[in-house]
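Asks: When you get a sec, could you give me coordinates for this:
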Amino acid sequence: ATSAVGMEFIGPSVCSSDGTTIGYDNTTTLFYDTLLTTTEILEGKVAPDETYEFVLCPSTTFDLGLQLEFSDPTARQNMVGLIPLLDNSHYKCGEDGALSNRCILRGGWYHILFEDDIPLANITFSGLTFDQSLDSSVMAYGQPGNDAIFINCRWRNNKQGSFLIDNFWHLYLQGGIIEPGGNRVGGGRRRELGSTSLWNIESLLTRRSKGPEVRSERHRLQTVGGDYPSMYLGFAGCEFADNELSVALISNDGGFLDLTKCRFENNKAAVVIANVLSARLAIYGATTFRNNDDMIGPVFLDSTSTLLFHEKTMGENNIGLNNVVQCEGIFLEAPGADCLNNPEECYGSCCEWGDSSCDLVKEDLTAPVPSPGGAGVPARGTARPSSPSEGGCNATCKTFAIILPLLGLATVVASMIYLRKVRRLAEEEDDQSMQPADNDIS
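Replies: Residues are numbered from 1 along each chain as shown. Okay, the predicted model is just below:
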């Protein structure tokens, strides 16, 4: 097929790496095929499929570019990263999405980009390895209500940039889809803030650098329906190892971050996981933090953010030499404190791993129990789910991770996610747009 803009659909082919798998060995080809499909749907030529599966060739390294320089205005990424454009899109390594299939996205300014003008639901990535990103591996700049889940993925040896996972949205965020040939792919939104001192990381996390008046104005602009609307990001059975970022591995600005049986080891950053601007955080399934070198954390929540719960979370040796809060656990900033801007005068409380008294949700939650019809329903206070194997997220873990964004953490926790999705679907039926109306901005 050829679209009005002259693109031809290429489609997946037999992978040279194993001679049997039908998949993509070039992410630029994958992107243009997706773009053509999206164009044909918008032009009314085809109806959207219920689901889209994009298989990446196993035993393949996708070279996005390691020799790029910020100072070079002609620097170009070798391949387009993964840029979802269609609802219900599932990107997986090999036919079964196993991490052992060895799909590696290496280098480039970014590995995954969620464009800020595209509403998306039910996006998953399975069994992918993200290696040596030159800026942010995941630029999660998608619209409020968007959701994505990473299953059995690995981030390793990413040692440039401020953020590994960057979850942020703003009403006036302007990005656009970046292709090979585009300069400074996607990262200018962060880099335009300029260099900062070691301790001046709050301006990067909250997009403010000119005092409380500017902060209040930006908070007002970013607020939608009384809530700070970044994406839902879920990680199940994922590994973060040997990464070094100047600010945070995961920057959760007003979003919903959900960690299931993940492992954080031997990372270095000012904060391993930073939650600011009314962010929400849930950790469960024996997620572990070991030997991370951090300054405020390893997990930090500012005074506006909420720890929903952290079931069976474990950690050790996470207090770096320059750690100013001496917290082996989750640090909860006190109201009135400004830890990210002035950490030497930071005050708050340290929630030790597994201390449920810090959690908003006090109930004993379990994985969803399949009903006879196949749907999952949350179960409370009954039998615990079986422990996933050490190799990653097993079937129970995957089911838990995928169903939770829809059914919620025992209704109370995910009510905001559910309402966002209902609101987004209703608005799409009216005008196919998720852009908040002016009267939605308070």
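Asks: From L277, how far out is E333?
Replies: E333 sits 12 Å away from L277, going by Cβ to Cβ, to the nearest Å. All C-beta atoms are positioned from the backbone trio N, CA, C, and that covers glycine.
Asks: Need the overlap of contacts for these two.
Replies: D302 (Cβ atoms under 8 Å, 6 or more residues apart in numbering).
Asks: wait, is L36 part of a helix?
Replies: Yes. L36: assigned to a helix according to DSSP: H, G, I helix; E, B strand; the rest coil.
Asks: I figured it hits F9, correct?
Replies: Yes. With contacts counted by Cβ atoms under 8 Å, L36 reaches F9, the gap being 5.1 Å.
Asks: Look at the two and report which has more neighbours.
Replies: L36 (20 against 15; other Cβ atoms under 10 Å).
Asks: Which residue is the nearest non-sequential neighbour of E50?
Replies: Residue nearest to E50 in three dimensions, not counting chain neighbours: N88, with 6.5 Å by Cβ to Cβ, 6 or more residues apart in numbering.
Asks: what's the average pLDDT for stretch 85-98?
Replies: For stretch 85-98, mean pLDDT is 97.
Asks: Just the helices from this structure, written as ranges.
Replies: Taking DSSP state H to define them, one finds helices in the chain at 27-42, 188-191, 202-206, 212-222, 395-407, 415-431.
Asks: what's the average pLDDT for the third one?
Replies: Spelled out, that is helix 202-206. Mean predicted lDDT for helix 202-206 stands at 40.
Asks: now swap in the fourth one and tell me
Replies: Rounded to a whole number, the mean pLDDT of helix 212-222 is 39.
Asks: How about the first one?
Replies: With pLDDT averaged residue by residue, helix 27-42 scores 93.
Asks: for the shortest one, same thing?
Replies: Helix 188-191 carries an average pLDDT of 34.
Asks: Let me know the pLDDT of the closest residue to K261 other than its chain neighbours.
Replies: Using Cβ to Cβ, 6+ apart and skipping the chain neighbours, the partner closest in space to K261 is G285 (3.6 Å). pLDDT, G285: 86.
Asks: same deal with F70?
Replies: With respect to pLDDT, F70 has a value of 76.
Asks: Quick check: F331 touching V325?
Replies: Yes. The criterion here is Cβ under 8 Å, and F331 meets it with V325 at 5.2 Å.
Asks: and those two? which has more neighbours close in?
Replies: Comparing F331 with V325 by other Cβ under 10 Å, the one with more neighbours is F331, at 25 against 20.
Asks: Run through the residues that contact the more buried one.
Replies: Listed by Cβ under 8 Å, 6+ apart, the contact set of F331 reads 296-297, 299-301, 325, 339, 348-351.
Asks: ends of stretch 151-164, how far apart?
Replies: In stretch 151-164, first residue to last residue: 17 Å (Cα to Cα, to the nearest Å).
Asks: show me where the stretch 251-400 of the chain has strands.
Replies: Ranges of strands in the stretch 251-400 of the chain, per DSSP state E, counting those that start in this stretch, are 256-260, 263-265, 271-276, 280-284, 288-290, 299-301, 306-310, 314-316, 329-333, 348-352, 369-370, 376-377.
Asks: angle of the third one against strand 256-260?
Replies: Orientation note: strand 271-276 sits at an angle of 140 degrees relative to strand 256-260 (axes from the mean of the first three to the mean of the last three Cα atoms, to 10 degrees).
Asks: ok, strand 271-276: who's next to it in the sheet?
Replies: With DSSP bridges as the test, strand 271-276 is paired with strand 248-253 (parallel), strand 299-301 (parallel).
Asks: Taking strand 329-333 as reference, get the angle to that strand.
Replies: In terms of direction (the same axes, to 10 degrees), strand 271-276 departs from strand 329-333 by 30 degrees.
Asks: Check the fourth one too.
Replies: Taking the same axes, to 10 degrees, strand 280-284 and strand 329-333 form an angle of 160 degrees between their directions.
Asks: Paired strands for strand 280-284, with orientation please.
Replies: Strands that pair with strand 280-284, judged by DSSP bridges, come out as strand 256-260 (parallel), strand 306-310 (parallel).
Asks: Least confident secondary structure element in the protein?
Replies: strand 376-377 (a mean of 28; mean pLDDT, DSSP states H and E).
Asks: so can I have JSON lines of the strands paired with strand 271-276 showing distance to P58?
Replies: Formatted as JSON lines, the strands paired with strand 271-276 follow (distance: least, Cβ to Cβ, whole Å):
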{"stretch": "strand 248-253", "distance to P58": "27"}
{"stretch": "strand 299-301", "distance to P58": "34"}
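Asks: what's the closest of these to F125?
Replies: F125 sits nearest to strand 248-253 of all the strands paired with strand 271-276, at 15.0 Å, using Cβ to Cβ.
Asks: Which neighbours do F331 and V325 have in common?
Replies: Common neighbours of F331 and V325 (Cβ under 8 Å, 6+ apart) are 296-297, 339, 348, 350.
Asks: Turn those into a markdown table, columns for pLDDT and distance to I104.
Replies: Listed next are those as a markdown table, based on pLDDT from 0 to 100; distance: Cβ to Cβ, whole Å:
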| residue | pLDDT | distance to I104 |
| --- | --- | --- |
| I296 | 89 | 31 |
| G297 | 82 | 28 |
| C339 | 89 | 36 |
| G348 | 95 | 39 |
| C350 | 94 | 37 |
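Asks: Going by distance to R156, which of the residues you listed wins?
Replies: G297 (20.0 Å).
Asks: Run a quick check on that closest one versus I273, I expect a contact.
Replies: Yes. Between G297 and I273 there is a contact under Cβ under 8 Å: 6.9 Å.
Asks: show me what contacts L68?
Replies: Taking Cβ under 8 Å, 6+ apart as the test, what L68 contacts is 75-77, 107-109, 134.
Asks: Just the ones of those residues in strands?
Replies: G107 (DSSP state E).
Asks: All good on my end, thank you.
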